[in-house]
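Trainee: Only the shape, not the letters, is given here:
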């Protein structure tokens, strides 16, 4: 006899309960997914956007996304919509690690009907250009500098702002920033990644001290150096260390511009 299993069986609703449930007693609504996918290009933070090819908001730029189908999870729908609307290869999209951001459920966020959206975000290096001609609701997909990503459809401006805060926090606690540097990089190049994502300047000596004091964050390349734009001596080179999480975290400044 297995009491836990018996208890589970007793708690499981029987066919009578299912038969007595009226699905029409509640107003129907749809569930969608929206994706804020970021990368660093040319020293600027970019977000992947699509231009809507149909109403509502035809011709406006928006985050990739769409409706969750009846027999799929939100995560599956997010990956499917990202591949369909941007033309990125399904195998590439399938390898992405999407982090659930939050749920957006304001009653009037979509003019078509009541729509609840589950938003996801990711900060990913080395993503290729999307297909020029989008699919699904999109007629174009493009990497756009976050500084120019304004006037988005629906409430996507709010989702974008929330997502930027989340990916900024990601750099505080993980070693993700090294993925946006060359295999061998200077601490100045690493600092530039943080400044780009956080949208704020950092004190160079303080940043250097914190990075070198964090176990496993970076490893010095023996004897290697690179000339920089300054007049000083060549800067030492580093490579990514074995750590994946930062202990202690590398916290962003509390003053100055914020994402």
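Mentor: Nice, I can see it. Because the structure is a prediction, the values reported are computed rather than measured.

Trainee: Who's the closest spatial neighbour of residue 62, skipping the chain neighbours?
Mentor: The spatial neighbour of residue 62 that comes closest, neighbours along the chain excluded (C-beta to C-beta, 6 or more residues apart in numbering), is residue 153 at 4.0 Å. C-betas here are computed from N, CA, C, even on glycine.

Trainee: Wait, that neighbour touches residue 52, no?
Mentor: Yes. Taking contacts as C-beta atoms under 8 Å, residue 153 lies within contact range of residue 52: 5.9 Å.

Trainee: Look at those two and report which has more neighbours.
Mentor: Looking at residue 153 and residue 52 with other C-beta atoms under 10 Å, you find the greater number of neighbours at residue 52, namely 23 against 20.

Trainee: Next up, the contacts around the more buried one.
Mentor: Applying C-beta atoms under 8 Å, 6 or more residues apart in numbering, we find residue 52 in contact with 58-62, 137-139, 153.

Trainee: sec struct for residue 201, please.
Mentor: coil (DSSP: H, G, I helix; E, B strand; the rest coil).

Trainee: Run a quick check on it versus residue 195, I expect a contact.
Mentor: Yes. With contact defined as C-beta under 8 Å, residue 201 reaches residue 195; the gap is 6.0 Å.

Trainee: of the two, who's got more company?
Mentor: More neighbours sit around residue 195 than around the other of residue 201 and residue 195, counting by other C-beta under 10 Å; the figures are 16 against 12.

Trainee: Which strands or helices does the host helix or strand of that one pack on?
Mentor: Following DSSP states H and E, one finds residue 195 within helix 187-198. Helices and strands in packing contact with helix 187-198 are listed as strand 30-41, strand 44-52, helix 156-173, helix 204-213, strand 235-240; criterion 3 or more C-beta pairs under 8 Å, 6 or more residues apart in numbering; DSSP states H and E.

Trainee: Just the buried positions in that helix, please.
Mentor: Within helix 187-198, the residues that qualify as buried are 187, 189-198, counting by 16 or more other C-beta atoms under 10 Å.

Trainee: what's the average pLDDT for it?
Mentor: The average of the pLDDT scores along helix 187-198 is 96.

Trainee: Chain neighbours aside, what residue packs nearest to residue 69?
Mentor: Closest residue to residue 69 apart from its sequence neighbours, by C-beta to C-beta, 6+ apart: residue 77 at 6.5 Å.

Trainee: Packing partners of the host helix or strand of that neighbour?
Mentor: Secondary structure assigned from DSSP H and E places residue 77 in helix 74-86. Helices and strands touching helix 74-86, by 3+ C-beta pairs under 8 Å, 6+ apart, are strand 30-41, strand 44-52, strand 65-67, helix 90-94, strand 115-123, strand 138-145.

Trainee: can I assume residue 46 is in contact with residue 146?
Mentor: Yes. Assessed by C-beta under 8 Å, residue 46 is found in contact with residue 146 at 6.7 Å.

Trainee: coming back round to it: angle of the helix holding residue 195 against helix 204-213?
Mentor: Helix 187-198 and helix 204-213 meet at an angle of 100 degrees, taking axes from the mean of the first three to the mean of the last three C-alpha atoms, to 10 degrees as the criterion.
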